Each structure stands twice: as C-alpha cells, then as structure tokens.
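S.K.: dropping the sequence and predicted coords here.
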Amino acid sequence: MQVSEILAAKGNRVISIASAASVCEVASTLRREGIGAAVVKSDGKEMAGIISERDIVASVAEHGPAALEMHAADLMNRSVITCTPESSTQEIMEQMLMGQIRHLPVVQGEALVGMISVGDVVKAVLSELKWMTKVLQDQVATAAAWSTDED
C-alpha cells in the first residue's frame, strides 16, 4: 500500500501554524483540530519545521509555565523527515520507527500534499490485513468445496 492510498481515504488536509505563534496557540490549535502535530511555516508558504504535542510537553517540563509564551519556532523540529505519495507503508513504518516519530509530512516535489500519522499507517495496515485474511478464507472455502471424498 502507498501513502497516496492512505491520503485518498483520510484526506490531504494539513494544519499549519505560523512560526511566531505562541506555544499556547499551538496547543489550542492541536486540541481544536484533534491532531498531534502541525507543520510550522515561517512565511506562510514554506515548511520551516514541525511541532508536536511531544515538543510542547518537553518544553513545559524544561521551562515550566514560561514555555507557553515561547514561539513555535523555538520548539519546532527543523530537521523534518518527509515521505512522498509513492512511499510504501513499509518504508514509512521504518522511517517512523527509526526516527521515533509519529507524523510525516507528505511532499510531492516542493508541495506539501498531506500529513500521515502512525495511527493512519496502523489503520491502513490493519485494513490490508483484514482484506488479505478474507481473501485467504475465501480461497480455503473454495478449495474445500472442490475437494471430494474420492481423494
């Protein structure tokens, strides 16, 4: 299965946040949108980084309540790992595991075309496994119907 198939099922909406947004604003946006990470854009167009719930928690643990007044640019991960619509679920699972990340922006050329979370990948893989199980069960049932007592 490819990332393009996951995006076709879930949609390609990407929530972005200005790099100047306060961490409190970022947390509110993540909560309101029901997401765990957002792309940070410095100029409103270019992806400057990514910020996640994990980044916010780490900042609050380190800086206390003052962390809420910091900016997204202060906490964001600037080394963003991405994937493409042609990436396979196998490839992105390996990227996520090796990088210990839960969200991958999907890029096509220079354009940001979606965001994939580990939950999206698990859902897609489970769906594929259910389909494969059904196919195998059907094959076994068909083979059993063809067998006779003469064997």
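M.R.: Good, I have the coordinates. Residues are numbered from 1 along each chain as shown.
S.K.: need phi/psi at residue 52.
M.R.: For residue 52, the backbone dihedrals (degrees, to the nearest 10) come out as phi -130, psi 170.
S.K.: what about the closest residue to it other than its chain neighbours, neighbour count?
M.R.: Nearest non-adjacent residue to residue 52, counting by Cβ to Cβ, 6 or more residues apart in numbering: residue 37, 3.9 Å away. Heads up, the C-betas are built off the backbone N, CA and C, glycines and all. By the criterion of other Cβ atoms under 10 Å, residue 37 has 24 neighbours.
S.K.: what sits against residue 37?
M.R.: Taking Cβ atoms under 8 Å, 6 or more residues apart in numbering, we find residue 37 in contact with 30, 50-53, 102-103, 115, 117.
S.K.: what does the average pLDDT come to for the longest helix along the chain?
M.R.: Ranked by residue count, the top helix of the chain under DSSP state H comes out as helix 118-146. Computed over helix 118-146, the mean pLDDT rounds to 82.
S.K.: which positions in that helix come out as buried?
M.R.: For helix 118-146, a neighbour-count test (16 or more other Cβ atoms under 10 Å) marks 118, 120-121, 124 as buried.
S.K.: do the same with stretch 89-96
M.R.: With burial defined by 16+ other Cβ under 10 Å, the residues of stretch 89-96 counted as buried are 89, 92, 95-96.
S.K.: of all those residues, which comes closest to residue 129?
M.R.: For the buried residues of stretch 89-96, the residue nearest residue 129 by Cβ to Cβ is residue 89; the value is 11.1 Å.
S.K.: please list all residues in contact with the residue nearest to the spatial centre of the chain.
M.R.: With the centre of the chain defined as its mean C-alpha position, the nearest residue by Cα atoms, centre = their mean is residue 117, 1.8 Å away. Residue 117 sits next to 35-37, 102-104 when contact means Cβ under 8 Å, 6+ apart.
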